[in-house]
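Visitor: Okay, here's the prediction I keep looking at, along with the sequence it came from:
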Amino acid sequence: MANNDRNKWTYFGEFFEAIARQGIDEMKAAEAMLELLKGGLHAAGYRRQFTFPDHDKVERLPRDVHPQPVPIHYWRESGEVKGDMTSYRDDKLKEDDLPEEWIEIDWVSGSISSVEFEYVNVEHILTEFSAVRIPRKDADVLLHNLAGVPKRRAGRPPGPSNDWERAQIAEALRLIAAGDSRASTAIANGLTDPKLTGKALESQRRRLAWGINQVRSQPAKNPPKNKRD
């Protein structure tokens, strides 16, 4: 159970390790991830919170034992990605001011620290997120896009792919109506193009058999009643 849940997520550290292995620019990757997170991509991490009564750092208990969602305003207010793979923003107006609130993100380690002022209890709260992660499916899509991997194209739909094959399905319908009770694959064998060989022949045989099965699965139409003169 726990392992299955673990497989649904990709930690920031794992993501940027994969980025490095593929030679993708880390800043470009972080910037792309940041845009997705600003747009609502779900992220979660292990959270700890602290207050500062009498200027002493005291942890809020009980401590969270399960990953908690990272508030979206963290991403929207964190500032741009820097060359050292961090983001930082504070509220100080002048260079010499001490910030009342700030947010710092370490992208490679997947850790976040922030200080916010809580007006309800009139106190500053330090929040720390560690082991931040995003859904694996979203991480894989982002990684493929950054690596320039083309999206997989949908395969050819089942059934006949041209007018000739559709005509062969019609011929199979006539055979069945005349009493041919052979399996659909057997009927398809006799209707394939004799010029085809190998995979092309097998592929056409499957398409014809699929079409014949579709015809057979349709409810039989009632014959029209004889009209009186």
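Guide: Thanks, I have the structure now.
Visitor: in the chain, which spans are strands?
Guide: Along the chain, the stretches classed as strands by DSSP state E are 9-11, 44-51, 58-59, 68-69, 86-90, 102-106, 111-118, 123-135.
Visitor: Name every strand pairing with the fourth one and say which way it goes.
Guide: Strand 68-69 pairs in its sheet with strand 44-51 (antiparallel), by DSSP bridges.
Visitor: How about the longest one?
Guide: For strand 123-135, sheet partners with direction are given as strand 9-11 (antiparallel), strand 44-51 (antiparallel), strand 111-118 (antiparallel), following DSSP bridges.
Visitor: okay, the strands of the chain in JSON lines with distance to A172, mean pLDDT and mean neighbour count next?
Guide: C-beta: built from backbone N, CA, C; applies to glycine. JSON lines is the format used below for the strands of the chain (distance: least, C-beta to C-beta, whole Å; pLDDT from 0 to 100; neighbours: other C-beta atoms under 10 Å):
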{"stretch": "strand 9-11", "distance to A172": "50", "mean pLDDT": "96", "mean neighbour count": "20"}
{"stretch": "strand 44-51", "distance to A172": "55", "mean pLDDT": "96", "mean neighbour count": "17"}
{"stretch": "strand 58-59", "distance to A172": "75", "mean pLDDT": "93", "mean neighbour count": "12"}
{"stretch": "strand 68-69", "distance to A172": "57", "mean pLDDT": "96", "mean neighbour count": "12"}
{"stretch": "strand 86-90", "distance to A172": "64", "mean pLDDT": "93", "mean neighbour count": "17"}
{"stretch": "strand 102-106", "distance to A172": "64", "mean pLDDT": "95", "mean neighbour count": "20"}
{"stretch": "strand 111-118", "distance to A172": "64", "mean pLDDT": "92", "mean neighbour count": "18"}
{"stretch": "strand 123-135", "distance to A172": "47", "mean pLDDT": "95", "mean neighbour count": "18"}
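Visitor: Generate TSV for the ones you listed, with distance to A183 as supplementary columns.
Guide: Output for the strands of the chain, formatted as TSV (distance: least, C-beta to C-beta, whole Å):
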stretch	distance to A183
strand 9-11	47
strand 44-51	53
strand 58-59	71
strand 68-69	55
strand 86-90	64
strand 102-106	63
strand 111-118	62
strand 123-135	45
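Visitor: re the thing from before, quick check: which of the strands paired with strand 123-135 is nearest to G83?
Guide: G83 sits nearest to strand 111-118 of all those, at 17.9 Å, using C-beta to C-beta.
Visitor: just how off-centre is that closest one within its chain?
Guide: Centroid separation between strand 111-118 and its chain, computed with C-alpha atoms, centre = their mean, to the nearest Å, is 29 Å.
Visitor: ditto for stretch 182-197
Guide: Centre-to-centre, stretch 182-197 and its host chain are 41 Å apart (C-alpha atoms, centre = their mean).
Visitor: And that stretch, what's buried?
Guide: By 16 or more other C-beta atoms under 10 Å, the buried positions in stretch 182-197 come out as 184, 187-188, 191-192.
Visitor: and what of stretch 78-97?
Guide: For stretch 78-97, using 16+ other C-beta under 10 Å, the buried residues are 78-79, 81, 85-87, 90.
Visitor: Reformat these as TSV; add distance to H42.
Guide: As requested, the buried residues of stretch 78-97 are exported to TSV (distance: C-beta to C-beta, whole Å):
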residue	distance to H42
S78	16
G79	21
V81	20
M85	22
T86	22
S87	19
D90	26
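Visitor: Please identify which pair of the residues you listed lies farthest apart.
Guide: M85 and D90 (18.6 Å).
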